[in-house]
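Enquirer: coords please:
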Amino acid sequence: MATVINGVTTPIYLDSQHLNTPVTGWTVIRSLVLNLLAFVIWAIFGLGLGALIRSQIASVVAGIALYLGSFAAVELVARVIFNLSHQGWVLGAAVLAPAVASKVMITPGRAFPHAPPPWTGLIVMVGYALVLTTAGLAMTRRRDVT
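Expert: Numbering: from 1, shown residues only. Next comes the predicted model:
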């Protein structure tokens, strides 16, 4: 709903400020599609995590901790290793964290210096969603059989 409201009001506001931005441009459409895809992937990610952890509260807390913790930990480790080795690919390796992969995926252009292309973030997010969903299905089947 917020996207629809923003889609309607943003061009009106920009026009009132005498700014021209093509809402139908490829960058905007690509960003909207990738954001929608990111929401779907995060939902699948959450379903897989919820299937792995039986407690609803624990799975929500684990999801939040995984999001925030992985973002902070990967950024910190990448900066420390980069300062020791001065290799640019180390900063790009931060895409292995789900939060960073999502950021890389939805950002038009480069999300940060030495960031990999957006399709890399998409592949990492799909990988996490597949692994968690597969593990959750296996765990559910094992629980249901015994």
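Enquirer: who does the helix or strand containing Ile123 touch, helix- and strand-wise?
Expert: Per DSSP states H and E, Ile123 falls inside helix 118-145. Counting contacts by 3 or more CB pairs under 8 Å, 6 or more residues apart in numbering; DSSP states H and E, helix 118-145 packs against helix 26-52, helix 98-106. C-beta coordinates here come from the backbone N, C-alpha and C atoms, glycine included.
Enquirer: any idea of the mean pLDDT in the shortest one?
Expert: Read it as helix 98-106. For helix 98-106, mean pLDDT is 86.
Enquirer: give the contact list for Gly50.
Expert: By CB atoms under 8 Å, 6 or more residues apart in numbering, the residues touching Gly50 are 56, 59, 136.
Enquirer: hey, which helix or strand in this structure has the poorest pLDDT?
Expert: helix 88-92 (a mean of 70; mean pLDDT, DSSP states H and E).
Enquirer: got the angle for the lengthiest helix in the chain vs helix 98-106?
Expert: Using DSSP state H to define each element, the chain has its longest helix at helix 56-85. Angle of helix 56-85 versus helix 98-106, following axes from the mean of the first three to the mean of the last three CA atoms, to 10 degrees, is 80 degrees.
Enquirer: how about helix 56-85: buried residues?
Expert: 59, 62-63, 66-67, 70-71, 74-75, 78, 82 (16 or more other CB atoms under 10 Å).
Enquirer: swap in stretch 44-51?
Expert: Quick answer for stretch 44-51 (16+ other CB under 10 Å): 44-45, 47-51.
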